[in-house]
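**Student:** coordinates only, no sequence provided:
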């Protein structure tokens, strides 16, 4: 069984595409499609890496990341953030919230794969 | 560098333009040529009698030598030099030689000052536009939609193009996704263009979800007979899905929430019961709340959503969240309510958010209009030790009753309010300053 990615993203077609490329690369992909109870999903899935969208229904990715970092068990959990916003202040917010990588949409499949592989060396 | 030292430069300019040699001017002004040379190069201060004599010879007003357009130019260049600590090539402008620059190359100096001024104006314009873009929620949402769709298309297309031996069911799924995303991208791009261009002639410019909800509620007169009585909740989805005014998913979501609230209020205060109580006690919300044991905010909503003949007269309602944003507006009697954002801070609607347990009654004067306002805050999530309560302000509007409540002057929203000296003003009015 490969390592686990938890993809927290609400756009269905992005979920399908990213899940496909990660699965083909040997990752076990778990999906969570809203911000409300994303932290519960992190606790329940205990993934090796999280891909976290910033704009989610219910709660922003920045808030979810803060919750992840506030839990000692997940303080070092690698998190790749995805966002349509690429301004310097957004990157700074992501860095402050504890993101390991911040990727601006639209991204290529190779960029996502490279980032995830870099965050979780196999 | 003093303004006074510029006088020499001006003297030289006037002398040259008059066709006088330095020695001739010196002689006629009663000073030595070498002294005039020092003056013209701003190496000697000049004033009083000598300045008057030189001005007389040059046939100009003394003031034109000691002040003039150069002063403004000098000031503009000093400002430009201050704004740019280093020049384009990395070197700082020679601030100690500004006067010489102005004196020797007045045309170039004027051009530099003009470019600096235009640069400053453009920077301010860019700053304002950037700020507007960053804080325009409709534009941000439209852009987010387009970028998200583009992301999906890029990723899906790459899978189809690069994956060898892709199973037919995956091929079909990704083709279907591409088709969906293509449609979404097209709609999103069109909506974005309409927004950016204004496109008033199309009549279909981007509306906020709140605008769509408002149009939907207004179209039904804020009353839904099909949601009165049992089984109403099961009809909400079909009503929302079948409403052509609700064009976007967020608007349909808001409408579903509003109708769910309507059904809850109708269950708590059934139509026949409300009619009997109004006939017995009159349309006062406090009497209805007391007779039914229902919260004032719920009574407000129920009265506002009833036909005028049932509610005992025209009833308007404004609901706002704790940040002041207006969530629901049912206009009445010409009381002006802004389409988006927050209203006038002086409305009791906002005052009750600071004192949730105390309803307020006031007669509002908005320009020439008088209207009675009853306001109360509703707790939609109670406070806990680690969180504050979430409140919504409700303000019911109805025709004024003479002497029933103290009067207060209020506006609509600062941007279009002409009230002068308002302590609550948060931004200038375009009525005073122009757009």
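**Tutor:** Nice, I can see it. In this text, all values refer to a predicted model and were calculated from it rather than measured experimentally.
**Student:** the lengthiest strand in chain B and chain A, any residue contact?
**Tutor:** Scanning chain B for the longest strand, with DSSP state E as the assignment, gives strand B:369-381. No - Strand B:369-381 does not reach chain A (CB under 8 Å from any CB of the partner chain); its nearest approach is 14.2 Å. Quick note: C-beta positions are derived from backbone N, CA and C, even for glycine.
**Student:** other SSEs contacting that strand?
**Tutor:** helix B:296-304, helix B:348-351, strand B:360-366, strand B:390-398 (3 or more CB pairs under 8 Å, 6 or more residues apart in numbering or on different chains; DSSP states H and E).
**Student:** including distance to chain A and mean neighbour count, could those go into a markdown table?
**Tutor:** Formatted as a markdown table, the helices and strands packed on strand B:369-381 follow (distance: least, CB to the nearest CB, whole Å; neighbours: other CB atoms under 10 Å in any protein chain shown):
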| stretch | distance to chain A | mean neighbour count |
| --- | --- | --- |
| helix B:296-304 | 25 | 25 |
| helix B:348-351 | 26 | 22 |
| strand B:360-366 | 33 | 19 |
| strand B:390-398 | 15 | 23 |
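**Student:** mean pLDDT lowest for which of these?
**Tutor:** Sorting those by mean pLDDT places strand B:360-366 lowest, at a mean of 88.
**Student:** okay, angle between that strand and strand B:390-398 too, please.
**Tutor:** Strand B:360-366 runs at 60 degrees relative to strand B:390-398, counting by axes from the mean of the first three to the mean of the last three CA atoms, to 10 degrees.
**Student:** returning to that earlier point: now tabulate the helices and strands packed on strand B:369-381 in a markdown table and tack on distance to residue A:37.
**Tutor:** A markdown table is the format used below for these (distance: least, CB to CB, whole Å):
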| stretch | distance to residue A:37 |
| --- | --- |
| helix B:296-304 | 29 |
| helix B:348-351 | 33 |
| strand B:360-366 | 38 |
| strand B:390-398 | 19 |
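**Student:** for residue B:211, find the nearest of the ones you listed.
**Tutor:** Closest of the helices and strands packed on strand B:369-381 to residue B:211 is helix B:296-304, at 18.7 Å (criterion: CB to CB).
**Student:** can you tell me which residues contact the nearest residue to residue B:360 once chain neighbours are set aside?
**Tutor:** Sequence neighbours aside, residue B:348 is the residue nearest to residue B:360 in space, at 4.2 Å (criterion: CB to CB, 6 or more residues apart in numbering or on different chains). Residues in contact with residue B:348 (CB atoms under 8 Å, 6 or more residues apart in numbering or on different chains) are B:360, B:361, B:362, B:364, B:373, B:374, B:375, B:395.
**Student:** mind checking the helices and strands packed on strand B:369-381 for the one nearest to residue B:159?
**Tutor:** Here strand B:390-398 is closest among the helices and strands packed on strand B:369-381 (CB to CB), at 43.2 Å.
**Student:** strand partners of the closest one, parallel vs antiparallel please.
**Tutor:** strand B:316-321 (antiparallel), strand B:369-381 (antiparallel) (DSSP bridges).
**Student:** could I get the buried residue list for the longest one?
**Tutor:** Of the residues in strand B:369-381, those buried under the neighbour-count criterion (16 or more other CB atoms under 10 Å in any protein chain shown) are B:371, B:372, B:373, B:374, B:375, B:376, B:377, B:378.
**Student:** residue B:60 belongs to a strand?
**Tutor:** No - counting by DSSP: H, G, I helix; E, B strand; the rest coil, residue B:60 is not found in a strand; it is coil.
**Student:** neighbours of it, how many?
**Tutor:** 15 (other CB atoms under 10 Å in any protein chain shown).
**Student:** equivalent analysis for residue B:400, please.
**Tutor:** With other CB under 10 Å as criterion, residue B:400 counts 18.
**Student:** try residue B:168
**Tutor:** 7.
**Student:** how near is it to residue B:174?
**Tutor:** To residue B:174, residue B:168 is 11 Å away according to CB to CB, to the nearest Å.
**Student:** how about the contacts made by the residue in the stretch 251-400 of chain B that chain A sits nearest to?
**Tutor:** Of all residues in the stretch 251-400 of chain B, residue B:253 sits closest to chain A, at 9.4 Å by CB to the nearest CB. The contact partners of residue B:253, taken as CB under 8 Å, 6+ apart, are residue B:209.
**Student:** quick check, pLDDT for it.
**Tutor:** At residue B:253, pLDDT is 90.
**Student:** in a helix, it, correct?
**Tutor:** Yes - using three-state DSSP, the assignment for residue B:253 is a helix.
**Student:** how about the contacts made by residue B:227?
**Tutor:** B:235, B:236, B:239, B:259, B:262, B:263, B:266.
**Student:** make a PyMOL selection of the buried ones in these.
**Tutor:** Remark: buried members of the contacts of residue B:227, expressed as a PyMOL selection using 16+ other CB under 10 Å:
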select buried, chain B and resi 236+239+259+262+263+266
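**Student:** of the contacts of residue B:227, which pair is most distant in space?
**Tutor:** Across these (CB to CB), the longest gap, 13.8 Å, separates B:239 and B:266.
**Student:** neighbours around the nearest residue to residue B:343 once chain neighbours are set aside, how many?
**Tutor:** Counting by CB to CB, 6+ apart, residue B:343 lies nearest to residue B:413, which is 5.5 Å off, once chain neighbours are set aside. Residue B:413: 21 surrounding residues under other CB under 10 Å.
**Student:** just the pLDDT at residue B:28, thanks.
**Tutor:** According to the prediction, residue B:28 has pLDDT 91.
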